[in-house]
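[1] got a sequence here, can you model it:
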Amino acid sequence: MYSVSTQLLWLLILGFPVASVAWTITHEDVFREPRDYCKNMSESAHGLLRRKFFYLFTCEYCFSHYVAAIFLVITRFKLLYPDWRGYMISWFALVWLSNVYMALFANIRLDIHSERLEIKSKDLEVQSKSDNLRPGRAA
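    Modelled structure (predicted):
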């Protein structure tokens with residue numbers, strides 16, 4: 001069993017790929033068509049289990065549970081305990097941490113998007129002013 005500090009370092013590192021996979025599948029354009037299909041099925045499919053199955057591909061929080069479980073199977077990472085309890089604790093800690101990472105990433109993307117809109121707005125304003133100052137135009 002590794003030291004607690006080593007386990008925490010592993011947790012911090014494993015959170016990145018879990019967040020990356022969960023975010024990419026539930027938000028990015030590369031998976032838009034399958035995600036749109038899953039969204040439609042989650043709203044219109046017959047049967048509760050079928051609707052919930054398709055919903056998990058549209059929700060980063062829900063999907064991160066499955067991604068984290070897969071990463072724990074691959075890495076055999078356990079937190080604090082060397083048995084099944086270590087898997088349970090690491091699973092929930094990994095889900096929580098990956099969702100923190102995704103929330104931070106979403107905020108960064110929102111800030112970048114807002115800055116781009118602000119720059120575009122200022123560019124349009126400058127363009128409009130320069131068009132009005134051209135010779136032959138009334139100021």
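[2] and F77, backbone torsions?
    Recorded main-chain torsions at F77 are phi -70, psi 130, according to degrees, to the nearest 10.
[3] so where does the closest residue to it other than its chain neighbours fall, helix or strand?
    Nearest residue to F77, sequence neighbours excluded (C-beta to C-beta, 6 or more residues apart in numbering): S90, at 5.3 Å. In short, each C-beta sits where N, CA and C put it, glycine included. With elements delineated by DSSP states H and E, S90 resides in helix 84-132, which encompasses its position.
[4] quick one: contacts for the residue nearest the centre of the chain?
    Averaging the C-alpha coordinates of the chain gives a centre point, and the residue nearest to it by C-alpha atoms, centre = their mean is W23 (2.9 Å). By C-beta atoms under 8 Å, 6 or more residues apart in numbering, the contact list for W23 reads 60, 102, 105.
[5] before we move on, what about L79?
    Contact analysis of L79 by C-beta under 8 Å, 6+ apart lists 7, 11, 86, 89-90, 93.
[6] again with F105
    With contact set as C-beta under 8 Å, 6+ apart, F105 has these partners: 19, 23.
[7] try 10 Å
    19-20, 23, 27 (C-beta atoms under 10 Å, 6 or more residues apart in numbering).
[8] highest neighbour count among those residues?
    When neighbours are counted as other C-beta atoms under 10 Å, the busiest of the contacts of F105 turns out to be A19, with 25 neighbours.
[9] how about the helix or strand where that one lies: buried residues?
    Taking DSSP H and E as the criterion, A19 maps to helix 4-27. Residues of helix 4-27 classed as buried by neighbour count (16 or more other C-beta atoms under 10 Å): 7, 10-11, 14-15, 18-19, 21-23, 25-27.
[10] what packs against the very next helix or strand once past it?
    Helices and strands here follow DSSP H and E; after helix 4-27, the next one along the chain is helix 32-44. In terms of contacts (3 or more C-beta pairs under 10 Å, 6 or more residues apart in numbering; DSSP states H and E), helix 32-44 is packed against helix 4-27, helix 48-55.
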